[in-house]
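# 3D model of this:
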Amino acid sequence: MQLVINTRGSYLKKEKNCFLVKTDEKSFEVSADKVDSILITTAATITTDAIEFAVENNIDIIFLNHFGDPYGRVWHSKLGSTTLIRRRQIEAESTDTGFLLARGWIAKKIENQIDLLKDLKKNRPDQKDQIELPIAKIEELRETLLAMKGSLDFRRGSIMGVEGMASQHYFDAIAGIMPEPWKFKGRSRDPARDGFNCLLNYGYGVLYSQVERACIIAGLDPYVGFLHTDNYNKRSFVFDLIELFRTHIDRTVVNLFSKKQVSTTLFDPVPGGLYLNKEGKAVLITAVNEMFDREIEYRGRNVKVRNTIQMEFHSIANNLIR
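Coordinates of the predicted model:
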């Protein structure tokens, strides 16, 4: 499970073999055996004993800003696996392997988007017409992508261009089925201009921390990207691989609106847009953690979503060193 510290002024310490969380309203203990990571989303106090305890138990501590972007984490400094994986990762970027992997990741993202839109079409027969055309356009883009050949250096811009066009059709379709008060125009970030994007951005921030963790455990280098190019302190490979999992957050946010669990009380205004307040973070993070713990079919068996992320990274690492 993910231990979430979401109340301003919370206090986190070690108590025997547990984490003790205190707020003005309550206190509770959580066994370290049940915690995979600790997410701190607000001003809080954490003792050095609690930090050491987390490191000893391979539990990472992630800090999110008020837009949901991870700005820091505390974890042990060990490599997740053999250094050979990182060597092969660097070599692969300039070979056919790098091109095929990168193209495959975006193709999978587009397939996930198509699947989500098809589910929405099936469950909303009255809105079928406004979903069918975007699906057709995205399917054409997928075929264009799969027909691409060449090197990654030559095709990088084309791959990302197809991904961008597919995402535009995808979010236009989702915007079209949203209830009237919550319709939106395209993606917006830091700050989001609307409630949908506000929830989506924060959800992506939580997902990002899971993807980075899986990357490190698998022995891959978060900074050596294929599609996203190198830059100072840019975790390019995390940006590459998060694309495989974004629709888990998309589906979670759409479901919150479908179940009428979203209201204006979840958001506070900031110059140029909105951000999630304490109530909003609680609603979203609860839904996201429920999604992570849901079992889905993955390679012929039922696996929790959070575990599929780690398994996917191990598969990539193993393929690189074959």
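# which stretches of the stretch 51-200 of the chain form strands?
60-64, 70-74 (DSSP state E, counting those that start in this stretch).
# Distance from the chain centre to the last one, please.
Centroid separation between strand 70-74 and its chain, computed with C-alpha atoms, centre = their mean, to the nearest Å, is 15 Å.
# Tell me which of the strands of the stretch 51-200 of the chain sits most buried.
Stretch with highest mean neighbour count among the strands of the stretch 51-200 of the chain: strand 60-64 (a mean of 21; mean count of other C-beta atoms under 10 Å). (Each C-beta comes from the backbone N, C-alpha and C, glycine too.)
# So what touches that strand?
37-41, 46, 51, 54, 70-75, 202, 205-206, 209, 213 (C-beta atoms under 8 Å, 6 or more residues apart in numbering).
# Next, the residue most central in space within the chain: phi, psi?
Central residue of the chain (C-alpha atoms, centre = their mean): residue 207, 2.6 Å from the mean position. Main-chain dihedrals, residue 207, degrees, to the nearest 10: phi -60, psi -40.
# Now do the SS call for the residue nearest to it when sequence neighbours are not counted.
Closest residue in space to residue 207, ignoring its immediate chain neighbours: residue 249 at 5.4 Å, by C-beta to C-beta, 6 or more residues apart in numbering. Here residue 249 is recorded as helix under DSSP: H, G, I helix; E, B strand; the rest coil.
# which ones are touching residue 249?
By C-beta under 8 Å, 6+ apart, the neighbours of residue 249 are 200, 203-204, 206-207, 288, 291.
# which residues does the residue nearest to the centre of the chain contact?
Contacts of residue 207 (C-beta under 8 Å, 6+ apart): 242, 245-246, 248-249, 288.
# List the buried residues of whichever strand or helix holds residue 45.
Element membership for residue 45 (DSSP states H and E) is strand 44-46. Neighbour-count burial for strand 44-46 flags 44, 46 (criterion: 16 or more other C-beta atoms under 10 Å).
# And stretch 48-63, by the same measure?
50-51, 53-55, 59-63.
# mind showing which ranges of the protein have poor pLDDT?
Counting by pLDDT under 70, the chain has low-confidence residues at 77-81, 231-233.
# remind me, longest helix of it?
helix 96-123 (DSSP state H).
# hmm, back to that, I'd like the contacts of residue 249 written out as a markdown table, with distance to residue 143 added.
Formatted as a markdown table, those follow (distance: C-beta to C-beta, whole Å):
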| residue | distance to residue 143 |
| --- | --- |
| 200 | 27 |
| 203 | 29 |
| 204 | 27 |
| 206 | 33 |
| 207 | 28 |
| 288 | 32 |
| 291 | 30 |
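# so how far is the longest helix of the chain from its chain's centroid?
That offset, for helix 96-123, works out to 15 Å (C-alpha atoms, centre = their mean).
# Stretch 245-257 now?
On C-alpha atoms, centre = their mean, the centre of stretch 245-257 falls 10 Å from the chain's centre.
# Would you mind listing the buried residues in it?
Neighbour counts using 16+ other C-beta under 10 Å place 245-254, 256-257 of stretch 245-257 among the buried residues.
# Nearest to residue 121 among those?
In terms of C-beta to C-beta, no member of the buried residues of stretch 245-257 lies closer to residue 121 than residue 254, at 12.7 Å.
# now the angle from whatever helix or strand that closest one lives in to helix 96-123?
Assigned by DSSP H and E, residue 254 belongs to helix 246-258. With axes from the mean of the first three to the mean of the last three C-alpha atoms, to 10 degrees defining the directions, helix 246-258 sits at 20 degrees from helix 96-123.
# quick one on the thing from earlier: and the two most separated of the buried residues of stretch 48-63?
53 and 63 (17.2 Å).
# immediately after the helix holding residue 254, which helix or strand?
Helix 246-258 is succeeded, C-terminally, by strand 267-270 (DSSP H and E).
# Which strands or helices does that next one pack on?
strand 273-276 (3 or more C-beta pairs under 8 Å, 6 or more residues apart in numbering; DSSP states H and E).
# hmm, 10 Å instead?
On a contact count with 3 or more C-beta pairs under 10 Å, 6 or more residues apart in numbering; DSSP states H and E, strand 267-270 meets helix 195-217, strand 273-276, helix 278-292.
# which residues are in contact with that strand?
66-67, 190-192, 194-195, 198-199, 273-280 (C-beta atoms under 10 Å, 6 or more residues apart in numbering).
# Now the buried members of those residues.
Listed as buried from the contacts of strand 267-270 are 67, 191-192, 194-195, 198-199, 273-276, 280; burial here means 16+ other C-beta under 10 Å.
# Could you chop this protein up by domain?
2-64, 83-320 (automatic domain parsing).
# Near residue 118, how many other residues are there?
A count of neighbours around residue 118, defined by other C-beta atoms under 10 Å, yields 13.
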